[in-house]
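1. predicted model follows, preceded by the sequence.
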Amino acid sequence: MKLDTQGLLDRIRREDPTSWHTVEDLLHHLPQWVMRADEQGDLDASFWIGRPVEALNRMNMPAEYGGLALTATALRRAVVFEIVGRVCAALPMAMPGPGLAMPPVHALGTEAQKREFFARFVGRDRPVWGAFAITEPQGGSDATALRTVARRDGDDYVLDGNKCFITGGRRADVVVVFATIDASKGRFGIRAFMVDQGTRGFAVDRCEDMMGLRASQLAALSLTECRLPATRMLGHDGRRGPFIDAFAGAQSAWDFMRPALAAGINGACRGVLDTAQRALDDGQAALSAAAFEAAQDELELLRARVHGSQLMALRAAWRYDAGERISADASMAKAHASTLAMEVAHRVAQMFPLQAAQRGHAFEKFYRDAKAFDILEGTGDMQRLMIARAYEGRPH
Amino acid sequence: MTLDPRCAGDIACIDFAPDPEFEPLLEAARRLADNWARPRAATADAAGRARRLDAAELMPQWHAQACAAKHLFLLARTLAQGDAAGAWHELADAPAALLAPGLPSCTIALPRAAGVLVDHVAWLSTPAEADRPVAWPDAALRTLLGPTTLPAAQAPLIGLPAARSLHWPPGALCTGEAPVLAVLAHRAWAAFVDAQAALMLGLIDGVAERLVREAYAYARQRVSAGKPIAQHQAVALRLADLALNQQALSLYLHAAVEHPAAVGSADGPVQINVAHVSELAQRISRDALQVAAAHGYVEGLPFKRLFEQTRAFLSMLACACGGRIRGAMRRADLAAAAAS
């Protein structure tokens, strides 16, 4: 086993100093914006002035289409998301770039579609976002039970339906929307469409007032007689016929992102534990000597748990880079990190009860943020059902 | 998705692949464990088995290569999945091989704390070990003193019926006039404690993995309300948490015995937090037994035995390590010890 994360970060720095500067810039500037972004539910437009937006747009993109070296592999995404997550759990989700829209485009799109999609993010001097829209009001965990329909009409498809809880849905320039062309076929009737903001019939209905992770912005979208050329269907090459497994494209998005998301959650846990340690050392917990020792022991135990969680995220990323199927590993890493985050939030809140109830304090914010982790990108319950099914099928 | 060509280079920094050079011995351990795990061998007395892997003989060489703890951990983990009692018997003498060259086979009594008037503990993996001399370290951890007789206070160990727990009250083993059995090499005692901990951790990890396998196997074949209980959501969620916790524990332990630097930073060595290990391991044993419910609680299926063995090994770990191991696995220290 090799665990030289610092060596990996040094490698990135040597290979692409411009890429690395992007992280350093974020780490330097984000802390001042954390609380404001939480209050406003967004990163203010003035944040982007002077930021390396051109590089940020290219995060999480394949190298062959102009992606950054910084996030070129799953291991790199994991270590980078972890160190950024130590600053704030929500802000990595507010960063520009194609985000979760990237994997289905990359997996399903024709070469022409990929070039057109990724070109939007290259050489731009303003932040550009992508979004991934599959969840619907009546179907979250059961992602195959879509009601958004895509009806063929001549050379076009007409989409009707609603999507909800879409990360970055309001700010996205392009949204990959999943719809069914034949509901009777379940997951095999699902297709993915690239929908530009401003397309007639596509609307952002509202942004949710979230309890935590507020800067990530969850939006409700509606599609009403939204007409798209058939070539906007990912994988459509102008001919009718071949089956496009769009749901596999959706699964590829989750496998792509979950190790990095788990790493980000672990980073957030580490950040709050570091803050708790400083607060403990500064006497902010107002504890007796014996209680101080007990609190110290508790922090060390939580750090040990986070360490195990970090390893799970890294191993899932390593397996992804080795070309293995990682749905179970990705689910385990994410489910474990999410559960741990709530545990950390609770225990730190118990240690610092005054601060944990003060709006705007780091412990109070983390307590609200941590609950979201067990819901977004697949609830912890659904992750566990997937894990159980995957383990059931393993040879014993 | 096409793999980025940079993946190969990144794997040079972070790599979870097994060590190919150690694989032949590990494969031998797997075959041994498989033999032990078969039903007809399940009741065989561990004392009747000759040691097969000669780990004790290999320990000094592994120590020189700064991989003794890792290899002992991996062997213990592999063997314990077949039979934890057998695994412990197979490897029990390996840590003592680091104390002094040519040290005769003996039982080492561990001080529970630093100082002169402290109590000591030791364990016998099989009754045959009762015939061996008992040795203990001086307060400065520079010499091994002995021999002494077994104490009157001997207790059977939960889950390990052939084993015994030994306890000498404070002052019973004094350094005063005791004869010197061996002079310990520089940091030999630290290496011994590390190896002892690695052995216990490997046994705990192996038992945990076996528990999870047994729980899934039981849930697949046990039918309730017309379907295997694995398909009932409450059981499926418990099974998933078993897998989660076992993977988290295993990775944590493996990283701790092999890698001195903390993940993601150069903050220093990983500290094996015994409280964390204990919490996870007991949760795994509790939840695995719960899957089998009453059938797991009584003799017959392996759950009862594995649950009890988890408790025994955790207690031994706590006694052997005094609650926490700090800096126990520093690579620099191991290298220095090897060079001395």
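-> On my side now, so go ahead. Numbers count the residues shown, from 1 in each chain, chains lettered A, B, ... in the order given.
2. residue B:244: how many residues sit nearby?
-> Residues contacting residue B:244 under the criterion other Cβ atoms under 10 Å in any protein chain shown number 26. To be clear about C-beta, it is placed using only N, CA and C from the backbone, and glycine gets the same treatment.
3. so which helix or strand takes in the residue nearest the centre of chain B?
-> Nearest to the geometric centre of chain B sits residue B:200, at 2.0 Å (Cα atoms, centre = their mean). Taking DSSP states H and E as the criterion, residue B:200 maps to helix B:188-221.
4. can you check residue B:314 too?
-> Using DSSP H and E, residue B:314 sits in helix B:303-321.
5. got the angle for that helix vs helix B:188-221?
-> Counting by axes from the mean of the first three to the mean of the last three Cα atoms, to 10 degrees, helix B:303-321 lies at 160 degrees to helix B:188-221.
6. before we move on, back to that, buried residues, the helix holding residue B:200. List them.
-> B:188-220 (16 or more other Cβ atoms under 10 Å in any protein chain shown).
7. for residue A:215, report the pLDDT, please.
-> Note on residue A:215: pLDDT of 88.
8. wait, isn't it in contact with residue A:92?
-> No: between residue A:215 and residue A:92 there is no contact under Cβ atoms under 8 Å: 9.4 Å.
9. who's more crowded, the two?
-> residue A:215 (27 against 24).
10. so for that one, what's the nearest residue that isn't a sequence neighbour?
-> If the residues on either side of it in the chain are set aside, residue A:215 comes closest to residue A:37, at 4.0 Å by Cβ to Cβ, 6 or more residues apart in numbering or on different chains.
11. from memory that neighbour sits against residue A:94, does it?
-> Yes: if you go by Cβ under 8 Å, residue A:37 and residue A:94 touch, sitting 7.0 Å apart.
12. how about the residues of the stretch 1-150 of chain A that lie near chain B?
-> With Cβ under 8 Å from any Cβ of the partner chain as the criterion, the stretch 1-150 of chain A meets chain B at residues A:1-8, A:11, A:15, A:62-64, A:69, A:72-73, A:75-76, A:79, A:82-83, A:103, A:106-107.
13. tell me which of those fall in strands.
-> Assigned to strands by DSSP state E, the following of the residues of the stretch 1-150 of chain A next to chain B qualify: A:2, A:3.
14. now list the buried members of the residues of the stretch 1-150 of chain A next to chain B.
-> A:1-6, A:8, A:11, A:62-63, A:69, A:72-73, A:75-76, A:79, A:82-83, A:103, A:106-107.
15. helix/strand/coil for the closest residue to chain A within the stretch 51-200 of chain B?
-> Here the stretch 51-200 of chain B gets closest to chain A at one residue, residue B:70, 8.3 Å apart by Cβ to the nearest Cβ. Three-state call for residue B:70 (DSSP: H, G, I helix; E, B strand; the rest coil): helix.
16. for the closest residue to it other than its chain neighbours, grab the count of nearby residues.
-> Closest residue to residue B:70 apart from its sequence neighbours, by Cβ to Cβ, 6+ apart: residue B:258 at 4.4 Å. For residue B:258, the neighbour count with other Cβ under 10 Å is 22.
17. shouldn't residue B:258 be in contact with residue B:71?
-> No: counting by Cβ under 8 Å, residue B:258 stays clear of residue B:71, with 9.5 Å between them.
18. circling back to that earlier point, so which of the residues of the stretch 1-150 of chain A next to chain B sit within helices?
-> Judged by DSSP state H, those include A:5-8, A:11, A:15, A:75-76, A:79, A:82-83, A:103, A:106-107 as members of helices.
19. quick one: which two of those residues are the most distant?
-> Greatest spatial distance in those: A:6 and A:107, 32.3 Å, computed using Cβ to Cβ.
20. pLDDT weak spots in chain A?
-> A:239-243, A:395-396 (pLDDT under 70).
21. let's see that with 80 instead.
-> For chain A, the stretches with pLDDT under 80 are A:139-145, A:237-244, A:393-396.
22. all strands for it, in order.
-> Under DSSP E, chain A gives strands at A:2-3, A:130-133, A:149-153, A:156-167, A:174-180, A:190-196, A:202-207, A:218-229.
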